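Enquirer: sequence unavailable; structure follows:
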């Protein structure tokens, strides 16, 4: 049987969310943050968790790294049962969660790395050596001995990424690791992730709401929405799942009434409008065998829309998400708030 570093079976997480009513009263609403998530992650693969903010990605990885106790279901991490061998799970995982908030700002970057190395019971010489290797690899030498509170947001994120490497774990869990990084730094970090996977055989769980990151980096992707896995597979397979459908983007002045008119067309599967640089962009998913473009144009112009650009496009992971949910990845959702 093939060894899989991560396996979950019907993993669920429910919590009580406080809702204030007036100054002195509060009620509690049950929120399902995760709903029966079952998946397997193969050894030495980069596995992406893709979804909008609030979809449940961070809740899932907090459960997998023992920071949250699941309400029900089972999980095994590197062969250790999650709820019964939590110390062994933590020892076998390197985590980058909560970004810069996971650092001690009064300590220097080097002191942070050595401190977390000590928490993993690395001998003093080993943690000093590992800290220096991380500093060199991430080009942090000029700031390594400065207090973290003097770092920029991007520098703090790079150090938080370095902290995940301190115990040289076979499984890395990276939660939005390029958040706040500039483009060159984000590109550099992704290159290091590929190197860790390719040259050292590390298994990597990579959460992001950035479609392009998942497309270029991940071997397989699970798309999560409202606590559920709505699609899972390789990037080509997920795109191919829309192989019998076409995606058309229309830009211009498009009113909500015009959008509703398009959504009511029998040939339209999904139609979602977003604002891009002050211009409305309408994304339409429809069966590819039907020549729907003339109908779209006629419907929109009849509703007073002014079209500036019409582009039939190659299917992307965001289109897969739109086809399943009727929303874009840019939308911030509240898990369980249906």
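Expert: Perfect, thanks for sending it. Everything numeric in this text was worked out from a predicted model, so none of it was measured.
Enquirer: mind listing what residue 156 touches?
Expert: By C-beta atoms under 8 Å, 6 or more residues apart in numbering, residue 156 lies in contact with 99-100, 103, 148. Bear in mind the C-beta positions are built from the backbone N, C-alpha and C, glycine included.
Enquirer: how about 6 Å then?
Expert: residue 100 (C-beta atoms under 6 Å, 6 or more residues apart in numbering).
Enquirer: and what of the one 3 residues further on?
Expert: Residue 159 sits next to residue 109 when contact means C-beta under 6 Å, 6+ apart.
Enquirer: correct me if wrong, but it is in a strand.
Expert: No - under DSSP: H, G, I helix; E, B strand; the rest coil, residue 159 sits outside any strand and is assigned helix.
Enquirer: where do the strands sit along this protein?
Expert: With DSSP state E as the criterion, the chain has strands at 6-21, 25-41, 46-50, 72-77, 80-81, 93-96, 171-175, 203-208, 220-225, 228-234, 245-253, 270-276, 279-287, 306-313.
Enquirer: lowest average confidence, helix or strand, in this structure?
Expert: Ranked by mean pLDDT, DSSP states H and E, the helix or strand of the chain with the weakest confidence is helix 317-325, at a mean of 86.
Enquirer: now what about it, what contacts it?
Expert: Residues contacting helix 317-325 (C-beta under 6 Å, 6+ apart): 211, 214-215, 223, 225, 230-231, 238, 242, 247, 270, 272, 285, 329.
Enquirer: same question, stretch 119-128
Expert: The contact list for stretch 119-128 (C-beta under 6 Å, 6+ apart) reads 114, 117, 167.
Enquirer: now the closest residue to the last one other than its chain neighbours: how far from residue 193?
Expert: Closest residue to residue 167 apart from its sequence neighbours, by C-beta to C-beta, 6 or more residues apart in numbering: residue 120 at 4.1 Å. When C-beta to C-beta, to the nearest Å is applied, the distance between residue 120 and residue 193 equals 20 Å.
Enquirer: now the helices for the stretch 51-200 of the chain?
Expert: For the stretch 51-200 of the chain, helices defined by DSSP state H, counting those that start in this stretch occupy the ranges 57-64, 86-91, 109-119, 124-137, 153-164, 183-200.
Enquirer: format these as TSV; extra columns: distance to residue 2 and mean pLDDT.
Expert: Listed next are these as TSV, based on distance: least, C-beta to C-beta, whole Å; pLDDT from 0 to 100:
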stretch	distance to residue 2	mean pLDDT
helix 57-64	19	95
helix 86-91	20	96
helix 109-119	32	98
helix 124-137	30	97
helix 153-164	25	95
helix 183-200	18	95
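Enquirer: out of these, which one sits most buried?
Expert: Greatest average neighbour count among the helices of the stretch 51-200 of the chain goes to helix 57-64 (a mean of 24), per mean count of other C-beta atoms under 10 Å.
Enquirer: now it and strand 228-234, what's the angle there?
Expert: 80 degrees (axes from the mean of the first three to the mean of the last three C-alpha atoms, to 10 degrees).
Enquirer: off-centre distance for helix 57-64?
Expert: 11 Å (C-alpha atoms, centre = their mean, to the nearest Å).
Enquirer: show me what that helix is in contact with.
Expert: 13, 33-34, 49, 51, 68, 70, 173, 175, 207, 224.
Enquirer: how about stretch 146-153?
Expert: 103, 105, 108, 180.
Enquirer: so where's the protein shaky on pLDDT?
Expert: For the chain, applying pLDDT under 70 flags the ranges 1, 22, 243, 289-290, 332-338.
Enquirer: one more pass at 80, please.
Expert: Along the chain, the parts satisfying pLDDT under 80 run over 1-2, 17-27, 98-100, 242-244, 276-278, 288-290, 312-314, 329-338.
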